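A.B. asks: fold the following, please.
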Amino acid sequence: MTETQVTDEKPQIPERILAAAARVMGREGFANASLRQIADEAGLTKAGLYYHVASKEALLYALHERFANRLREYSERIAATDLSPTDKLRELVKQTVETAARYHAEGTVFLREYTHLTGEMAATVFEQRDRFRSIFETVIDEGVATGEFRPGKTALDALAILGACNYTAFWFDPDGASDIDEIAETFADRLVYGMSTRDDKGGRA
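C.D. replies: Model prediction:
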């Protein structure tokens, strides 16, 4: 993405500004971070920053959109496939963990600070969150209907899985002993197994 790229007459926020916002808000918190600090971190004047973004709240919203759009689009495609519910849930878990890890700076800031969003931005985020959770709920219900998953409270099952996946943003270390792919596979194995009606030998539990 270039500094001058535009979409629908509004400048897209350059990656370096989003990265700077994530670093500053991560250090200072949303309330204490200033647009001047973010501009300095990005190597811009405050006027240069205002060309791309109108407010600190808009930057927080943009941090969410940076990873949420990719995750939502991928998840909708997976849910629409002919994969079994088990395979769908595995892919959903893996992609959620991978996204939380790859965008851990943005995700950590957003998950800690999203209550500062107001008005239309807050409403959009909550609507998107509910739609994303409903994808997991639909796949879980499919698995219960086919006998692949244990019956239970679908909403709680979805929240438990999403909570585990999303929290990856807080503890993932790019320099740690486990890479993103290994973490994603491990979460998929453990979380989907917890839903499964099959025992370790492949039979029904």
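A.B. asks: distance of residue 173 relative to residue 64?
C.D. replies: Look at residue 173 and residue 64: by C-beta to C-beta, to the nearest Å, they are 22 Å apart. The way it works is simple: take the backbone N, C-alpha and C, and place the C-beta from them, glycine included.
A.B. asks: what about these two, which has more around it?
C.D. replies: Higher neighbour count among residue 173 and residue 64: residue 64, with 23 against 9, using other C-beta atoms under 10 Å.
A.B. asks: ok, the more buried one - contacts?
C.D. replies: The neighbours of residue 64, taking C-beta atoms under 8 Å, 6 or more residues apart in numbering as the test, are 106, 110, 114, 125.
A.B. asks: tabulate those (a markdown table), appending distance to residue 159, secondary structure and neighbour count.
C.D. replies: Formatted as a markdown table, those follow (distance: C-beta to C-beta, whole Å; DSSP: H, G, I helix; E, B strand; the rest coil; neighbours: other C-beta atoms under 10 Å):
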| residue | distance to residue 159 | secondary structure | neighbour count |
| --- | --- | --- | --- |
| 106 | 22 | helix | 26 |
| 110 | 18 | helix | 27 |
| 114 | 16 | helix | 18 |
| 125 | 17 | helix | 18 |
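A.B. asks: pLDDT-wise, which helix or strand of this protein ranks last?
C.D. replies: strand 6-7 (a mean of 30; mean pLDDT, DSSP states H and E).
A.B. asks: just the strands in this structure please.
C.D. replies: 6-7, 10-11 (DSSP state E).
A.B. asks: show me the contacts for the nearest residue to residue 46 once chain neighbours are set aside.
C.D. replies: Residue nearest to residue 46 in three dimensions, not counting chain neighbours: residue 39, with 4.8 Å by C-beta to C-beta, 6 or more residues apart in numbering. The contact partners of residue 39, by C-beta under 8 Å, 6+ apart, come to 20, 45-46, 48-49.
A.B. asks: how is the protein partitioned into domains?
C.D. replies: 1-54, 66-195 (automatic domain parsing).
A.B. asks: so residue 107 touches residue 166, yeah?
C.D. replies: Yes - here residue 107 reaches residue 166: they are 7.2 Å apart, a contact under C-beta atoms under 8 Å.
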